[in-house]
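[1] quick one, structure for this:
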Amino acid sequence: MIRKAEEKDVSRIAEILVFDKRVHYRSSFHNDDFSFNELQVVSTAESYKDPTLLSHTWVYDDGIVKGMIHIEGKEIKELYVDWFFEHQGIGAQLIEYAKTESDVKYLWCLAKNTAALQFYHAHGFMESGIRKYEEGTSEYLVCMERK
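    Got it, this is the predicted structure:
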């Protein structure tokens, strides 16, 4: 089930974020200092204790928190599924929830992340033609809008 994130979820949210970012982005950014020194579960969990951030976050929880989505206004800021539970429809449920419950309209995706681009296309998001650099890198993000 998808439910509003609670403070009891912050360590699990942090685990999902840190592990997924290391697995999926380290090969793109080639920045071990960020991946293994700056990106830490404890500090990420602390940031999610912020009531404002937590109030914009939902989790997929079937007894185990397996995924999360962070929505601000009409934008999906983050959508991650624990690597061990990928390809089980959890991300699809999270994005469909965001579309129906929050009427999200857009998100930013790393241009190199072809799997994510395909996933978002399958859920009705198309590249808008707007691109920007990921802060502090030479990698592009593409804006995807819901038609």
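
[2] could you pull out the strands for the chain?
    Along the chain, counting by DSSP state E, strands occupy 2-4, 57-61, 65-72, 75-81, 106-110, 125-133, 140-146.

[3] could you dump these into CSV and include mean pLDDT and distance to Ser47?
    Backbone N, C-alpha and C define where each C-beta goes, glycine included. CSV is the format used below for those (pLDDT from 0 to 100; distance: least, CB to CB, whole Å):
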stretch, mean pLDDT, distance to Ser47
strand 2-4, 97, 17
strand 57-61, 98, 11
strand 65-72, 97, 11
strand 75-81, 96, 12
strand 106-110, 94, 19
strand 125-133, 95, 22
strand 140-146, 95, 20
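
[4] need the ones you listed in JSON lines (columns: mean neighbour count).
    Formatted as JSON lines, these follow (neighbours: other CB atoms under 10 Å):
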{"stretch": "strand 2-4", "mean neighbour count": "14"}
{"stretch": "strand 57-61", "mean neighbour count": "20"}
{"stretch": "strand 65-72", "mean neighbour count": "22"}
{"stretch": "strand 75-81", "mean neighbour count": "20"}
{"stretch": "strand 106-110", "mean neighbour count": "19"}
{"stretch": "strand 125-133", "mean neighbour count": "13"}
{"stretch": "strand 140-146", "mean neighbour count": "18"}
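
[5] want to try CSV for those, with distance to Gly89 as columns?
    Compiled in CSV, the strands of the chain are given as follows (distance: least, CB to CB, whole Å):
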stretch, distance to Gly89
strand 2-4, 12
strand 57-61, 10
strand 65-72, 10
strand 75-81, 9
strand 106-110, 19
strand 125-133, 17
strand 140-146, 19
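
[6] thanks a lot, see you next time.
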